[in-house]
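Q: prediction below, plus the sequence it came from.
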Amino acid sequence: MDEIDEIIKIITQLNKYLQDCYVLGGSWVLYFYRFKYPDFKYPLRTFDIDFIFSLYAKRKKIKVDLQKILENLGYYPEVIGTVTGYSYSRFKGENIDLEFIIEEPTGNKNKILKLNNLNIDAIPLPFVGDLLEDIIFAEVENVKIPLPSPERFHIHKWLVVQRRKDLMKKEKDLQQGLEILKICNLEKLNQLIQELKGKRKKLYEKSKQEIENL
């Protein structure tokens, strides 16, 4: 697939400047799991790809013009109007579209965070910081693809599903979370589930109950 070659080119550039500060997000994670877990296959139905940054990537000592790098690869910012101005968090290419997400800072009320040191914007979202706490790598064409661990990603799917308003997306997240269970280390997963507290615990248990009632 041409899209795979494009993603690898993008990740090659991100690895030069932001290794350990970002992870792949969205449905493409399930696709790339096959390179780490050969028996796991999941059909891909999207050409949107998410990159999730840690807040460390926002620090000024990391300085790189990602917009210029992406434009050189054929991706151009899609200007999206928001109540707080304009966002350059999404880049469009011929085959795939990119979106940048960042872990939500404590007390954040902005819909967009400007990463001036990277010359891009990112959308702050809750819970995505959990995915950065346990990064694994799948090697594809000698390039390390940073992925959230299956255990973290399974939990994440069942947390965010309860925030979905679109019923089709909600069902998709529930099913993806169920699929990811196939490659989870159950002992590790159960430990992480036991450590869930407050809102995270309630959201996860609600999703689990919905799956059991299907």
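A: Sure thing, it's come through.

Q: residue 120 touches residue 66, doesn't it?
A: Yes. Assessed by Cβ atoms under 8 Å, residue 120 is found in contact with residue 66 at 4.9 Å. In this view, the C-beta of every residue, glycine as well, is placed from N, C-alpha and C.

Q: residues of stretch 197-206 that come out buried?
A: Buried residues in stretch 197-206, defined by neighbour count with 16 or more other Cβ atoms under 10 Å: 200, 203-204.

Q: ok, so of the residues you listed, who is nearest residue 167?
A: Proximity of the buried residues of stretch 197-206 to residue 167 was ranked by Cβ to Cβ; the top entry is residue 203 with 17.0 Å.

Q: what about the longest helix in the chain?
A: helix 2-18 (DSSP state H).

Q: so what secondary structure elements neighbour that helix?
A: Other elements packing on helix 2-18 under the criterion 3 or more Cβ pairs under 8 Å, 6 or more residues apart in numbering; DSSP states H and E are strand 48-53, helix 66-72, strand 143-148.

Q: redo these as a markdown table? Include distance to residue 136 and mean neighbour count.
A: As requested, the helices and strands packed on helix 2-18 are arranged in a markdown table below (distance: least, Cβ to Cβ, whole Å; neighbours: other Cβ atoms under 10 Å):
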| stretch | distance to residue 136 | mean neighbour count |
| --- | --- | --- |
| strand 48-53 | 14 | 22 |
| helix 66-72 | 24 | 16 |
| strand 143-148 | 5 | 21 |
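
Q: make a markdown table out of these and add distance to residue 161.
A: As requested, the helices and strands packed on helix 2-18 are arranged in a markdown table below (distance: least, Cβ to Cβ, whole Å):
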| stretch | distance to residue 161 |
| --- | --- |
| strand 48-53 | 16 |
| helix 66-72 | 30 |
| strand 143-148 | 16 |
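
Q: all helices of this protein, in order?
A: For the chain, the helices defined by DSSP H occupy 2-18, 28-32, 66-72, 150-160, 167-180, 186-194, 198-212.

Q: alright, that wraps it up for me.
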